[in-house]
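**Q** The sequence and its predicted three-dimensional model are supplied below.
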Amino acid sequence: MKEKLVSVITPTYNCAEFISRTIESVQAQTYQNWEMIIVDDCSQDNTKELVEKYIEDDPRIKYHLLEANSGAAVARTTAMQLASGSYMAFLDSDDIWVSDKLDRQIKWMIDNGHAFSCTAYEQIDEHDKPLGKVIKTVKKTDYNRLLLDCPVGNSTVIYDVEKMGKFEVPNIRKRNDDALWLQMLKQEKYIWGMPDVLMKYRIRRNSISSNKFRVIKYHWILYREIEHLSIPRSVFHIGYWCVIKILGLK
């Protein structure tokens with residue numbers, strides 16, 4: 001059976017130090033029918049020049065430069081709008097896939113009838129060195145479970161566009177991946193978790209995501225302004241999230 005086209009969705013901003021390894025992890029896939037759509041949120045480093053060198057030898061890689069710096073949500077939505085694949089797979093521009101990630105995950109989705117899935121992943125440092133921590137997934141995540149602590153790694157997600165269609169990422173600077181999954185879970189009941197470790201998530205010094213408590217305001221925006229949760233429920237979810245961070249449970 002012919003492989004269906006997979007669109008790899010990669011927003012980027014000032015990631016020249018890492019994006020080559022990200023691109024090469026896609027090129028190394030045993031599943032070869034893919035397009036990689038890189039949307040640049042007006043990087044100030046040499047990201048554009050690096051990506052264009054890969055495009056010269058591999059037309060499956062596509063580059064789009066935003067007219068103004070607009071944030072990851074806009075970059076991700078733009079990439080999704082440009083995508084033409086039967087599946088969409090999400091990959092941040094500093095993360096890495098294992099070489100048979102697409103093959104194994106798509107086969108698993110087809111065999112089990114899943115339209116929306118994620119996998120386990122491990123953490124690495126800025127030099128690709130494993131940090132000895134694997135983030136496990138759960139068997140299935142629904143809307144309420146995702147609100148609780150989001151057991152979904154962005155760069156592990158694949159979904160079936162033919163079954164679910166296209167979506168627009170809610171426009172908040174941080175937690176926009178969580179916001180997207182919540183939108184999608186209003187249509188598809190579950191994100192199904194594949195237990196295999198198929199992605200390497202990079203922990204970077206001084207990144208906003210590395211300082212977890214700086215993103216609390218974005219949780220509040222997500223809960224109150226996008227999902228329209230009540231104040232008590234929003235406070236509960238933020239409090240729960242803070243506790244698991246303090247205890248180092250996630």
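**A** Arrived safely. Residues are numbered from 1 along each chain as shown.
**Q** Can I get the lengthiest strand in the chain as PDB, trimmed to CA atoms?
**A** Identified as the longest strand of the chain according to DSSP state E is strand 191-202. Taking Å, rounded to 0.1, in the frame of the first residue of the first chain, the C-alpha atoms of strand 191-202 are listed here in PDB:
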ATOM      1  CA  ILE A 191      -5.400  11.400  22.100                       C
ATOM      2  CA  TRP A 192      -4.200   7.800  22.200                       C
ATOM      3  CA  GLY A 193      -0.800   7.300  23.800                       C
ATOM      4  CA  MET A 194       1.800   5.000  22.200                       C
ATOM      5  CA  PRO A 195       4.300   3.800  24.900                       C
ATOM      6  CA  ASP A 196       7.300   3.800  22.700                       C
ATOM      7  CA  VAL A 197      10.000   6.500  23.100                       C
ATOM      8  CA  LEU A 198      10.100   8.000  19.600                       C
ATOM      9  CA  MET A 199      11.200  11.600  20.200                       C
ATOM     10  CA  LYS A 200      14.000  13.500  22.000                       C
ATOM     11  CA  TYR A 201      13.000  16.700  23.700                       C
ATOM     12  CA  ARG A 202      15.700  19.300  24.100                       C
END
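**Q** How far away from the center of its chain is it?
**A** 11 Å (CA atoms, centre = their mean, to the nearest Å).
**Q** Show me what that strand is packed up against.
**A** Strand 191-202 is packed against strand 96-97, helix 101-112, strand 116-124, strand 130-135, strand 140-141, helix 176-185, with contacts defined by 3 or more CB pairs under 8 Å, 6 or more residues apart in numbering; DSSP states H and E. Quick note: C-beta positions are derived from backbone N, CA and C, even for glycine.
**Q** Could you export those as JSON lines, including mean neighbour count?
**A** Listed next are the helices and strands packed on strand 191-202 as JSON lines, based on neighbours: other CB atoms under 10 Å:
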{"stretch": "strand 96-97", "mean neighbour count": "24"}
{"stretch": "helix 101-112", "mean neighbour count": "17"}
{"stretch": "strand 116-124", "mean neighbour count": "22"}
{"stretch": "strand 130-135", "mean neighbour count": "12"}
{"stretch": "strand 140-141", "mean neighbour count": "19"}
{"stretch": "helix 176-185", "mean neighbour count": "20"}
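**Q** Could I get those in CSV, plus columns for mean pLDDT and distance to residue 59?
**A** Shown next, in CSV, are the helices and strands packed on strand 191-202 (pLDDT from 0 to 100; distance: least, CB to CB, whole Å):
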stretch, mean pLDDT, distance to residue 59
strand 96-97, 98, 20
helix 101-112, 98, 18
strand 116-124, 97, 28
strand 130-135, 94, 33
strand 140-141, 96, 36
helix 176-185, 93, 28
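**Q** Including distance to residue 147, could these go into JSON lines?
**A** Shown next, in JSON lines, are the helices and strands packed on strand 191-202 (distance: least, CB to CB, whole Å):
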{"stretch": "strand 96-97", "distance to residue 147": "27"}
{"stretch": "helix 101-112", "distance to residue 147": "24"}
{"stretch": "strand 116-124", "distance to residue 147": "16"}
{"stretch": "strand 130-135", "distance to residue 147": "18"}
{"stretch": "strand 140-141", "distance to residue 147": "10"}
{"stretch": "helix 176-185", "distance to residue 147": "7"}
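**Q** among these, which is nearest residue 233?
**A** helix 176-185 (13.6 Å; CB to CB).
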